[in-house]
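Colleague: Kindly generate the corresponding structure for this input.
(2 chains)
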Amino acid sequence: ETGVTQSPTHLIKTRGQQVTLRCSSQSGHNTVSWYQQALGQGPQFIFQYYREEENGRGNFPPRFSGLQFPNYSSELNVNALELDDSALYLCASGDPGRYGANVLTFGAGSRLTVL
Amino acid sequence: GENVEQHPSTLSVQEGDSAVIKCTYSDSASNYFPWYKQELGKGPQLIIDIRSNVGEKKDQRIAVTLNKTAKHFSLHITETQPEDSAVYFCAGMEYGNKLVFGAGTILRVKS
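Modeller: As a prediction, the model looks like this:
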């Protein structure tokens, strides 16, 4: 049973709107990463947070932003939604107890549909 | 940056047979290679991983092999069962704990 929970599970937005997705990672996991998974593709890295600061970013525009809170929760915000933003958004937290923070546990994801 | 290629894209096997999925990576600095299983409507679940200082790792019916010289690694599932049917992703870890995923393999186990 995964220790990473995400909300909402599904949501529909229209182009130009803004969305906030939430993630609660396991206690003790001090890194959280967000990935975008388009239909039929592998997840793509958006960014990672470590101790509440962004410390790595993939090839995503600035309208994708995030936050990590002291209670191990995290948010992904996407502004000015585009049709291509429709995807499954996955949150993953890092387990520092296994070989450092490399081992990631994923949540079930938030399915975003942009109309 | 890292690039991971995965083959085949789909794989059908008879229950009880073995399944092999292969991946190649481009960045020789990558040192961590996990395999994830994703079932419909769920997030990826880690099933096995291997570090670059190890050539092979086994966990019951699942094994992973790594050839650093050739920059490829493979997932082997023996005695496949219908519940093994899912999408499998390989990944390589870039500097900074960023995972780069392959495109995935749809495994169908026919009973």
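Colleague: number of nearby residues for the nearest residue to A:Leu115 once chain neighbours are set aside?
Modeller: The spatially closest residue to A:Leu115, leaving aside those adjacent along the chain, is A:Thr14, at 5.3 Å (C-beta to C-beta, 6 or more residues apart in numbering or on different chains). From N, CA and C alone the C-beta is placed, and that goes for glycine too. A:Thr14: 10 surrounding residues under other C-beta atoms under 10 Å in any protein chain shown.
Colleague: which bits of chain A sit near chain B?
Modeller: A:2, A:4, A:31, A:33, A:35, A:40-45, A:48, A:55-56, A:58, A:90, A:94, A:99, A:101-109 (C-beta under 8 Å from any C-beta of the partner chain).
Colleague: Show me what counts as buried in stretch B:57-69.
Modeller: B:62-66 (16 or more other C-beta atoms under 10 Å in any protein chain shown).
Colleague: The residue nearest to A:Leu115 contacts A:Leu112, doesn't it?
Modeller: No. Between A:Thr14 and A:Leu112 there is no contact under C-beta atoms under 8 Å: 11.6 Å.
Colleague: quick revisit: from the residues of chain A next to chain B, which would you call buried?
Modeller: Here, 16+ other C-beta under 10 Å leaves A:2, A:4, A:31, A:33, A:35, A:42-45, A:48, A:56, A:58, A:90, A:94, A:101-109 buried among the residues of chain A next to chain B.
Colleague: just checking, B:Asn31 touches B:Ser52?
Modeller: Yes. B:Asn31 lies in contact with B:Ser52 (C-beta under 8 Å); the separation is 4.0 Å.
Colleague: How is B:Val20 assigned, secondary-structure-wise?
Modeller: Here B:Val20 is recorded as strand under DSSP: H, G, I helix; E, B strand; the rest coil.
Colleague: isn't B:Phe101 right up against B:Ala91?
Modeller: Yes. Between B:Phe101 and B:Ala91 there is a contact at 4.7 Å, judged by C-beta under 8 Å.
Colleague: These two - which one has more neighbours?
Modeller: Comparing B:Phe101 with B:Ala91 by other C-beta under 10 Å, the one with more neighbours is B:Ala91, at 28 against 23.
Colleague: and for B:Phe101 and B:Ala91, which residues touch both?
Modeller: By C-beta atoms under 8 Å, 6 or more residues apart in numbering or on different chains, B:Phe101 and B:Ala91 have these common neighbours: A:42, B:4, B:36.
Colleague: Up against chain A, what does chain B have?
Modeller: So far as C-beta under 8 Å from any C-beta goes, chain B lies against chain A at B:6, B:32, B:34, B:36, B:41-46, B:49, B:51, B:89, B:91, B:93, B:96-104.
Colleague: taking those residues one by one, which sit in strands?
Modeller: B:6, B:32, B:34, B:36, B:45-46, B:49, B:51, B:89, B:91, B:93, B:98-101 (DSSP state E).
Colleague: Would you mind listing which of these are buried?
Modeller: B:6, B:32, B:34, B:36, B:46, B:49, B:89, B:91, B:93, B:98-101.
Colleague: so what's A:Thr5 up against?
Modeller: A:23-24, A:107-108.
Colleague: Just the ones of the residues you listed in strands?
Modeller: A:23-24.
Colleague: phi, psi of the residue in chain A that chain B sits nearest to?
Modeller: In chain A, the residue that lies nearest chain B is A:Gly42 (3.3 Å; C-beta to the nearest C-beta). Per-residue torsions, A:Gly42: phi -80, psi 160 (degrees, to the nearest 10).
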